[in-house]
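> Take a look and give me a structure for this.
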Amino acid sequence: MNCAFAFAMTDLLALTAPLLAPACTLGSVTLSWLEIVAMGLALWMVRCNLRVDALGWPLAIASSALYALLFLHSKLYGEAALQLVFIALSAWGWWQWLRGRAGDGQVLRVRALVARQRWALLALTLAAWPALGLLLARMTDSDVPFLDALPTLGSLAGQVLLARKWLDNWAVWLAVNLFSLVLFATKGLWLTVALYALFALLSVVGWRAWSAQLARPGAADG
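Next up, the predicted model:
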């Protein structure tokens, strides 16, 4: 790593270390204040997304900032960097839901990808996976670079689809959340594991809720 970047990272980790102070213990699992607050904001965000409520986007920004710190401390650098991208995408998504337009110039509504678009998205994600995995392996000290890389890419795809109100974002999030369960379990982030198990369930709920809106023209303007 670049020396200046390494020193800045060390300072950031030292400065935010108190946020990892134990808040409570559930059995043999100790939970930090950082993880608890990040989880609460994330759950509130998903609730808003289910209802196509634009409030979810500022909540996503706050939650992503906290998760970036948590993942940095866990040496999940791909996931940490992803949170920074999420902050930028959330600002864009917020604007899209408030002011964005579809390709036909109409206000954004819930809509679905066609089969060709779905296959193209899958192919692009799988093609980029080994490249990002190798980058993380060479540029960071992550001990799970390829496990880290796949949900990182999937999350980017899901976030873009969500911002443009594509129904298929929920299917992408379901796959990402299920895969992330394994990743976070390897790091002992058990509250986050529980959160992502809940996210997986909510992805199914989201698919059903948005599908219902898709069947009701004019009801999904958000």
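
> Flag the shaky bits of this structure, pLDDT-wise.
Within the chain, the ranges that satisfy pLDDT under 70 run 1-9, 11-12, 18-19, 22-23, 26-29, 217-222.

> Where do the strands of it begin and end?
Ranges of strands within the chain are 22-26, 29-32, based on DSSP state E.

> OK, contacts around the spatially most central residue of the chain?
Most central in the chain under C-alpha atoms, centre = their mean is residue 155, positioned 5.2 Å from the mean C-alpha point. Each residue near residue 155 by C-beta atoms under 8 Å, 6 or more residues apart in numbering is listed here: 82, 86, 176. C-beta: built from backbone N, CA, C; applies to glycine.

> let's see 7 Å
Contacts for residue 155 were tallied using C-beta atoms under 7 Å, 6 or more residues apart in numbering; they are 82, 176.

> How many neighbouring residues does the residue nearest to residue 125 when sequence neighbours are not counted have?
Closest residue to residue 125 apart from its sequence neighbours, by C-beta to C-beta, 6 or more residues apart in numbering: residue 153 at 5.1 Å. Neighbour count for residue 153, taken as other C-beta atoms under 10 Å: 21.

> how much space between residue 67 and residue 86?
Per C-beta to C-beta, to the nearest Å, residue 67 is found 8 Å from residue 86.

> Correction: the previous question concerned residue 36.
According to C-beta to C-beta, residue 36 stands 19 Å off from residue 86.

> Those two: which has the busier surroundings?
Neighbour totals were compared for residue 36 and residue 86, and residue 86 leads with 21 against 14 (other C-beta under 10 Å).

> nearest spatial neighbour of that one, skipping sequence neighbours?
With sequence-adjacent residues excluded and distances taken as C-beta to C-beta, 6+ apart, residue 86 is closest to residue 64, at 4.2 Å.

> likewise residue 174?
Nearest residue to residue 174 in three dimensions, chain neighbours excluded: residue 203, at 3.8 Å (C-beta to C-beta, 6+ apart).

> which residues sit against stretch 60-67?
Against stretch 60-67 from outside (C-beta under 7 Å, 6+ apart): 34, 37-38, 41-42, 45, 83, 86-87, 90-91.

> Now distance to residue 127 too, for those, in CSV please.
Below are the contacts of stretch 60-67 laid out as CSV (distance: C-beta to C-beta, whole Å):
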residue, distance to residue 127
34, 34
37, 36
38, 31
41, 33
42, 29
45, 30
83, 23
86, 22
87, 26
90, 26
91, 28
